[in-house]
Structures are given as C-alpha cells and as structure tokens.
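Visitor: Turn this into a structure:
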Amino acid sequence: MPKISPNPPPWLRTVVIALLMGFGAVLILFPAWLPEKPSLPMEDSAVEILQSALLGFSAALLFATAPHAGPYRAIYRSLGFITIAALLGEIGEAIDNLIDPLRHEYFIVALFIWTGLTLLRRRKETLHFIGFASRHPASGFILAAIILVYAFSRVFGSEAFWSATLDGQHHPDTPRVCRAYLELLACYFVLLGAIGYCLPLTRRRYRMTTEL
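Guide: Just a heads-up that it's a prediction; the model follows:
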C-alpha cells in the first residue's frame, strides 16, 4: 500500500500561497466596498488606519526577528526603523499636531541618519544581506511597493491625469482616493516583503550565515 505524504507537494503550496497573497490584496481594499452613503471621509479614515496598521505590523515583525538574525541583527533593526520612518510619514499630520512647532520630518531624518551609520559600520553584513535580498522574492514586493508609491500614485493621484483622461468630468476627490488606495496596496506589499525576509529565520534547516 503506497504511503501518503502528510505534506502537500511543492507546486500545490506555491499555488496556495499565490492565491492567499492575491486574496489579501483584494481584502485590504475593503473600504472601497463601503456603500456610497457612508461619506468619503469614513473611507479615508479606514484606509489611513489600514496603512498604519500594515506598516506598524511590518516593523514589529522585523524587530521581533532581529534577535534571531545572528550577525545580521542590526540589519533587521535598520529595516524596522526604515519601516517606522515610512509609518511616521504616513501619520505625519497627526504627529505634527502633537509636537508643534516641531515636525515629524525631524524624526524621519534622524532615523535615516542612524540607519545609514549603522549600515556603514557593518558594511560586510550589509553587502551579504544585499546579496541575499537580491535573490529573494520578497525584494520584488518591496520594489513593487516603491514603484506604486513613487510612480503610479503620483500619476493616478494627480489632478492633471484625470482631467486629461476624462476631460474634467470626474469627482474632485478621485485623485486623492486613487492615491490612498495605491499607497494601501504598497503597504501590503511591504508587509509581504517583511514576512519574506523574516520567514527563513524561523526554519531550522535554513542557516542564514551559510546562505549569505
């Protein structure tokens, strides 16, 4: 009698993971499914909260993984601080109201300076991690998030684009809403990238010190 393996075949795991990622990308856009009569500000609030939650969870995941990263502990902490900087940029207006007359940009600059100095002091580990990241699928999600924020959201979130496309026959909030949802999708990709970087360290058979 043939033995039945308790583990699914690799191709099936790949398909399931891909479907789950796609389902997550659709699920996080649920504020767009709200009926028209909650007002648009309610949708904006939900989007902002989701963006902050995704970035916050990504940073927490990186910080939690850092103690298990061996010589690359500082690299993971640096990635966590970069994610915190992105979170500060997302909720910058609220922070500015709390720390007036200071600005949230001061904290972002400080985080980037600290991160840059940390990576410079650990150049060998940084170069090894870059080599690891360049071969890891998670880097594709991070790159996609950067493209969404700095390319697509700038285009689809501009008044000029919608005026030229629809001859000015569009809701005045359309550019802002498109930009917000593209940034939300980017935050989801950041979370997937963080999971991808952290997941190998949870596998006992995977030795980061030998892979890098």
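Visitor: switch to C-alpha atoms for all contacts and neighbour counts from now on
Guide: Fine.
Visitor: Tell me which residues of stretch 172-189 come out buried.
Guide: Using 16 or more other Cα atoms under 10 Å as the burial criterion, the residues of stretch 172-189 that qualify are 175, 177-189.
Visitor: residues touching the most centrally placed residue in the chain, list them.
Guide: In the chain, the centroid-proximal residue (Cα atoms, centre = their mean) is Val190; its distance is 1.8 Å. Contacts for Val190 (Cα atoms under 8 Å, 6 or more residues apart in numbering) come out as 54-55, 58, 141-142, 145.
Visitor: a markdown table for the buried residues of stretch 172-189, including secondary structure, pLDDT and distance to His128?
Guide: Output for the buried residues of stretch 172-189, formatted as a markdown table (DSSP: H, G, I helix; E, B strand; the rest coil; pLDDT from 0 to 100; distance: Cα to Cα, whole Å):
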| residue | secondary structure | pLDDT | distance to His128 |
| --- | --- | --- | --- |
| Pro175 | helix | 81 | 41 |
| Val177 | helix | 81 | 40 |
| Cys178 | helix | 83 | 38 |
| Arg179 | helix | 86 | 35 |
| Ala180 | helix | 84 | 35 |
| Tyr181 | helix | 85 | 34 |
| Leu182 | helix | 87 | 32 |
| Glu183 | helix | 88 | 30 |
| Leu184 | helix | 88 | 31 |
| Leu185 | helix | 87 | 29 |
| Ala186 | helix | 91 | 26 |
| Cys187 | helix | 90 | 26 |
| Tyr188 | helix | 90 | 26 |
| Phe189 | helix | 91 | 23 |
